[in-house]
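A.B. asks: Sharing a model that was predicted from the sequence below.
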Amino acid sequence: MDFLNKFMGTLLYGLLKLTAYLPLKLLYLKADAISFIAEKIIRYRYPVIIQNLSRAFPEKNYHEIKEVAHQFYRHFFRVFAEVIRSQAMKPEEARKRYNLTNPELIRELHRNKLNILVLGGHWGNWEWLIMTPLFFSFSTYTLYKPLSSKTTEYLMARIRRHFGMKLLPMQQAGRFILSKKDFPALYFFIGDQSPSHKNPEYRFNFLNQPSFFFNGGARLAMATKSAVIYQSISRTKPGFYDVTFRLVSLPGDGQNEQDILRKYVTLLEADIHSKPAYWLWSHKRWKHRAE
């Protein structure tokens, strides 16, 4: 990374850090104002959001679809406010706001000397998974795809390392995990984005339409003999989330990549149906439909 990108990233993080000391309620007010502008004036990705919601919930009328869209805008920009505020949080506050309901599942798998791959989605506040290292004594990594903007990549790296999360490029993950087999760790992967390679073996019915899924997480788990966990991050009230882990697969249990992905898709879809506004509807998930 060249000097200019690092300098700009450091400058942006410094400005973000200053803003982070504002009360969360004030940050929410600012986020709500931006949400209003994005929805009502700029119409940020409005056609994409309405189309995605209409296809996912054909039983809802137009008024109901618009209401979910309105709630999505509000939640989406409040997630940004929460990410900013997290950079000034002390560990004690973070633990109260990001509550793990069953951390013993992760600890038990680690005691059994298993690497653990946690599959999540863009639901709830997916960025707050950076707080996970506060709850465990062993290494915690988040897998990521390098960004084209190195300034943005540096900024996001500073944010995500705040509570001790380690970053691991996706393309290096397999070799890295195998090289650390004597030191089992926790690895996070967000797996609901649209894959660039459309493999019909990884096509599932998701939110009322055929959808391709990226199989990198499932393949990585199989190659490294890792346990697979689904992570649900559910908002309980403004600025507070309950995080629940659900076992998807264990090494040697006879499941293949399709089985793992199918369970993941089912669990993610159930979360989205429970609170539709908390998923990332602005993403062009079905730009190329899987007919």
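C.D. replies: Cool, the structure landed. Numbering: from 1, shown residues only.
A.B. asks: Looks to me like residue 231 is in a helix.
C.D. replies: No - per DSSP: H, G, I helix; E, B strand; the rest coil, residue 231 lies outside any helix segment and is strand.
A.B. asks: packing partners for the helix or strand hosting residue 33?
C.D. replies: Using DSSP states H and E, residue 33 falls within helix 24-36. In terms of contacts (3 or more CB pairs under 8 Å, 6 or more residues apart in numbering; DSSP states H and E), helix 24-36 is packed against helix 62-86. For the C-beta atoms, the positions are set from N, CA and C on the backbone; glycine is no exception.
A.B. asks: List the buried residues of the helix or strand just after the helix it packs on.
C.D. replies: Next helix or strand after helix 62-86 toward the C-terminus (DSSP H and E): helix 91-97. By 16 or more other CB atoms under 10 Å, the buried positions in helix 91-97 come out as 94, 97.
A.B. asks: who does helix 91-97 touch, helix- and strand-wise?
C.D. replies: Counting by 3+ CB pairs under 8 Å, 6+ apart, helix 91-97 packs on strand 240-249.
A.B. asks: so what strands line up beside the strand it packs on?
C.D. replies: strand 98-100 (parallel), strand 227-237 (antiparallel) (DSSP bridges).
A.B. asks: List every C-alpha atom in the longest one, with coordinates, as CSV.
C.D. replies: Think strand 227-237. The C-alpha trace of strand 227-237 is given here as CSV (Å, rounded to 0.1, in the frame of the first residue of the first chain):
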residue,chain,number,x,y,z
ALA,A,227,-16.8,-27.2,12.0
VAL,A,228,-19.3,-24.9,10.4
ILE,A,229,-21.5,-22.6,12.4
TYR,A,230,-24.3,-20.2,11.3
GLN,A,231,-24.4,-16.9,13.1
SER,A,232,-27.6,-14.9,13.6
ILE,A,233,-27.2,-11.3,14.7
SER,A,234,-30.7,-10.1,15.8
ARG,A,235,-31.4,-6.5,16.8
THR,A,236,-33.3,-6.5,20.2
LYS,A,237,-33.5,-2.7,20.6
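A.B. asks: Could you check that strand and say which residues are buried?
C.D. replies: Within strand 227-237, the residues that count as buried by 16+ other CB under 10 Å are 227, 228, 229, 230, 231, 232, 233, 234, 235.
A.B. asks: ranges for the strands of the stretch 101-250 of the chain?
C.D. replies: Listed in chain order, the strands of the stretch 101-250 of the chain (DSSP state E, counting those that start in this stretch) span 116-120, 140-144, 166-169, 186-190, 203-206, 209-212, 227-237, 240-249.
A.B. asks: quick check: mean pLDDT across the first one?
C.D. replies: Averaging pLDDT along strand 116-120 gives 98.
A.B. asks: ditto for the last one
C.D. replies: This predicted structure assigns strand 240-249 an average pLDDT of 99.
A.B. asks: i'd like the first residue to be 59 from this point on
C.D. replies: From this message on, residue numbering opens at 59, which makes the last subject strand 298-307.
A.B. asks: Please save the CA atoms from it in CSV.
C.D. replies: In CSV, the C-alpha atoms belonging to strand 298-307 read as follows (Å, rounded to 0.1, in the frame of the first residue of the first chain):
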residue,chain,number,x,y,z
PHE,A,298,-28.3,-3.8,21.1
TYR,A,299,-28.0,-7.2,19.4
ASP,A,300,-28.3,-10.9,20.4
VAL,A,301,-25.9,-13.2,18.6
THR,A,302,-26.9,-16.9,18.4
PHE,A,303,-24.6,-19.6,17.0
ARG,A,304,-26.2,-22.7,15.3
LEU,A,305,-24.3,-25.8,14.4
VAL,A,306,-24.4,-26.6,10.6
SER,A,307,-21.8,-29.4,10.2
